[in-house]
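K.L.:
Structure for this input, please:
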Amino acid sequence: MEEIYTGIANLGFPIVLSIYLLVRIEGKLNQLTESIYELAQTIGNIK
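P.N.:
Sure, this is the predicted structure:
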């Protein structure tokens, strides 16, 4: 039974951490994409 807990601890934590980081990075990438689009529009309006 202890082997099962060890297996879950060794595999479960990295999986949960990876999913958490991917979700956070996705949000940051969306914000970055929007900012770049707005910057391109602003530069286009200056010309």
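K.L.:
does the residue nearest in space to the middle of the chain count as helix, strand or coil?
P.N.:
For the chain, the residue nearest the mean C-alpha position is residue 25 (2.0 Å; CA atoms, centre = their mean). Secondary structure for residue 25, judged by DSSP: H, G, I helix; E, B strand; the rest coil, is helix.
K.L.:
How many neighbouring residues does residue 32 have?
P.N.:
A count of nearby residues for residue 32, using other CB atoms under 10 Å, gives 10. Where you see a C-beta, it was placed from the backbone N, CA and C, and this is true even at glycine.
K.L.:
returning to what we had before: retrieve the pLDDT associated with the residue nearest to the centre of the chain.
P.N.:
On pLDDT, residue 25 comes in at 94.
K.L.:
ok, now residue 35?
P.N.:
With respect to pLDDT, residue 35 has a value of 96.
K.L.:
quick one, helices of the chain?
P.N.:
In the chain, the segments counted as helices under DSSP state H are 2-46.
K.L.:
where does it have low pLDDT?
P.N.:
Counting by pLDDT under 70, the chain shows no low-confidence range.
K.L.:
any idea how far residue 45 is from residue 21?
P.N.:
36 Å (CB to CB, to the nearest Å).
K.L.:
Comparing the two, which residue is more hemmed in?
P.N.:
Using other CB under 10 Å, the more surrounded residue of residue 45 and residue 21 is residue 21, with 10 against 7.
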